[in-house]
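Peer 1: I would like the atomic coordinates for the input below:
(chains A and B)
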There are 2 protein chains.
Amino acid sequence: MNILIIGAAGMVGRKLTAGLVANGMLRGEAIARIELVDVIAPAAVAADGIEVVTRAVDIADPSVAETLIASRPHVIFHLAAIVSGEAELDFEKGYAINLDGTRYLFEAIRQAGKSEPYCPRFVFTSSIAVFGAPFPDKIGDEFFQTPRTSYGTQKAIGELLLSDYSRRGFLDGVGIRLPTICIRPGKPNKAASGFFSSILREPLVGKEAVLPVSENARHWHASPRAAVGFLLHAAEMDTSVLGARRNLNMPGLSATVGEQIEALRRVAGDDAVKLIKRDPDAMTAEMVDGWAKDFDASRAIALGFKAESSFDEIIAIHIADELGGELPK
Amino acid sequence: MNILIIGAAGMVGRKLTAGLVANGMLRGEAIARIELVDVIAPAAVAADGIEVVTRAVDIADPSVAETLIASRPHVIFHLAAIVSGEAELDFEKGYAINLDGTRYLFEAIRQAGKSEPYCPRFVFTSSIAVFGAPFPDKIGDEFFQTPRTSYGTQKAIGELLLSDYSRRGFLDGVGIRLPTICIRPGKPNKAASGFFSSILREPLVGKEAVLPVSENARHWHASPRAAVGFLLHAAEMDTSVLGARRNLNMPGLSATVGEQIEALRRVAGDDAVKLIKRDPDAMTAEMVDGWAKDFDASRAIALGFKAESSFDEIIAIHIADELGGELPK
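Peer 2: Numbering: from 1, shown residues only, chains lettered A, B, ... in the order given. This next block holds a predicted model:
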């Protein structure tokens, strides 16, 4: 089993790598090789019996994609993206990485298949940003894609290409529309959704966090642990049941900022909650208001994808996976 | 008023040109210039007081788009496309024209807007091929885009780009998802949907036609006259009511092949119907089965778009517009 992870230096990529190395297997086969690439070289990973290759690449460079599939990986995880806030601020960069970079990968795979049979499983991380307000109370599996960000547009286009290349037999794609990942560990990134994590992550360790939207703002969440589970299941699932509909709304948890804060209060007390500072920001509020708030993800659940059912559970996962199992004294 | 029509040599392009010249006005202004381009040079058109320019261009050539908008047209009609059957047979050509060619146009407009304000009305002809089976009985305005052809994929991507470029203020786009145009005059083209027209058009003038699908096959139709009406209305409508949702299912008529044939019988008699020869074709039948059959196009109707309500009416329009008002004796 030979695996390629594009965007391996990011948070989800690192956790996915750790999960694969811990399992040692994918799709019933021992993992022999993992190639980890990102715009900066991912950290090397110790893995007995697995050849781990790390490389810095720019997927917007048209010559790169061919080198990424030179070893004919059996499973490709494509996690690389310019995030929503940055793609909104830098129109050209967003299209270059999120659209062109993705298309170059698909094309390199198609070209490779011309000389000898090659049809890798391609797991594409899409986003609920493919949807745009106004929404029904719960977004169903057949709701239309009308993104209100360039990032969402680029992801929706990636999904369409993934489906068409799969239908034509060039690759075996699964697109997974991730909820916002919460609690995202580490430092804030440029995603406009970052505050959903920081208002929990920072107070849990006694630090202040900024809340730029109202407590009534509702959003759709899943933990990093759930996200890795989605990716592994997308790599292993039987795709013959997907037909031409290769892109799936992942399950998640719908919660308001107020509900997040009450879960924080239950876990870490009033003092933690007091560390959340209100600083309303109109641009962030407008973007968040244009995002999906709740889903009926029946199809993905029926296909075996699983997420959390409460923010207490999401906070507990963060404490277990990031804080050594307990809050700092 | 300066107008650019891309794909002007095609049937709809020629009728649109004739309609514009006949009106002499668009958006309340006298038409001063019309540029007609296509992969072959469109025929020159006599038009008193209007400068008519015709050119052969290849929109898949990255250098062409800039030349098309050099005169800063106020309204751009983009009708050019590799049709469904051909885009399915020639994967690379379909993507080059339908995706890259469209994107080059959008990009040229965005670049032009950097030096001085420029935000043309851009009318994009999309297609019901953005949808893929299985369908509800009637497809509503919020049904998701899961095309089952490369053509439909390319149109769906064009729509997403149109919306994003409109949202960012680079252009003022309206995407119209045309029903299958019926009765298409002239010779058959390479579209897999061509038989829907030929089974009426040919028998009306005493010629045989081939029916490759069953009489139960249901499809979604509008006349060429309705299509021109959609385009003109899309050019003139107030787009401020569209918000971020720039792409519209056009109204149309849902009918089975059997219902088409019965309308033909009413208009032209049993002898005409006998000229339809059954020759089932599995590839065509499979493609048609993957296309949309019926719509609730409430949004477009509320916005003022109008289509026919019976096949008798569609046949009458063909006789009026193509056959001089009466059937040959």
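Peer 1: next one: the helix or strand bottoming out on mean pLDDT in chain A to chain centre, how far?
Peer 2: The weakest-scoring helix or strand in chain A, judged by mean pLDDT, DSSP states H and E, is helix A:282-289 (a mean of 88). Chain-centre distance of helix A:282-289: 21 Å, with C-alpha atoms, centre = their mean, to the nearest Å.
Peer 1: Let me know whether that helix sits next to chain B.
Peer 2: No - judged by C-beta under 8 Å from any C-beta of the partner chain, helix A:282-289 makes no contact with chain B; its nearest approach is 11.9 Å. For glycine as for every other residue, the C-beta is placed from the backbone atoms N, C-alpha and C.
Peer 1: The helix or strand following that helix: which residues count as buried?
Peer 2: The helix or strand immediately downstream of helix A:282-289 is helix A:298-302, counting by DSSP states H and E. Residues of helix A:298-302 classed as buried by neighbour count (16 or more other C-beta atoms under 10 Å in any protein chain shown): A:299-300.
Peer 1: Quick one: list the elements packing against the least confident helix or strand of chain A.
Peer 2: If contacts are counted by 3 or more C-beta pairs under 8 Å, 6 or more residues apart in numbering or on different chains; DSSP states H and E, helix A:282-289 sits against helix A:84-89.
Peer 1: Is there proximity between whichever helix or strand comes after the helix it packs on and chain B?
Peer 2: Moving toward the C-terminus from helix A:84-89, the next helix or strand (DSSP H and E) is helix A:91-94. Yes - using C-beta under 8 Å from any C-beta, helix A:91-94 reaches chain B at residue A:91.
Peer 1: could you point out which element follows helix A:91-94?
Peer 2: Downstream of helix A:91-94, the first helix or strand assigned by DSSP H and E is helix A:102-115.
Peer 1: Next, the buried residues of that following helix.
Peer 2: Buried positions in helix A:102-115, judged by neighbour count with 16+ other C-beta under 10 Å: A:102-110, A:112-113.
Peer 1: what lines up beside whichever helix or strand comes after it in the sheet?
Peer 2: Note on helix A:102-115: by DSSP H and E, the next helix or strand toward the C-terminus is strand A:121-127. When pairing is defined by DSSP bridges, strand A:121-127 lines up against strand A:75-78 (parallel), strand A:172-178 (parallel).
Peer 1: returning to that earlier point: of the buried residues of helix A:102-115, just say which sits nearest to residue B:117.
Peer 2: residue A:103 (31.2 Å; C-beta to C-beta).
Peer 1: returning to what we had before: buried residues in the least confident helix or strand of chain A?
Peer 2: A:284, A:287-288.
Peer 1: hmm, back to that, how about the strands paired with strand A:121-127 in a markdown table, adding mean pLDDT and mean neighbour count?
Peer 2: Converted to a markdown table, the strands paired with strand A:121-127 look like this (pLDDT from 0 to 100; neighbours: other C-beta atoms under 10 Å in any protein chain shown):
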| stretch | mean pLDDT | mean neighbour count |
| --- | --- | --- |
| strand A:75-78 | 98 | 25 |
| strand A:172-178 | 98 | 25 |
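Peer 1: now these in TSV, with distance to residue B:2?
Peer 2: Formatted as TSV, those follow (distance: least, C-beta to C-beta, whole Å):
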stretch	distance to residue B:2
strand A:75-78	43
strand A:172-178	41
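Peer 1: rewinding a little: with respect to residue A:215, which of the buried residues of helix A:102-115 is nearest?
Peer 2: Nearest to residue A:215 among these, with distances taken as C-beta to C-beta, is residue A:102, at 36.2 Å.
Peer 1: That closest one against residue A:125, yeah?
Peer 2: No - using C-beta atoms under 8 Å, residue A:102 makes no contact with residue A:125, being 10.5 Å away.
Peer 1: Check the contact lists of those two and give me the overlap.
Peer 2: residue A:78 (C-beta atoms under 8 Å, 6 or more residues apart in numbering or on different chains).
Peer 1: what's the farthest-apart pair in the buried residues of helix A:102-115?
Peer 2: A:102 and A:113 (17.3 Å).
Peer 1: Chain B: which of the buried residues of helix A:102-115 is nearest?
Peer 2: Chain B lies nearest to residue A:110 out of the buried residues of helix A:102-115, by C-beta to the nearest C-beta, at 8.1 Å.
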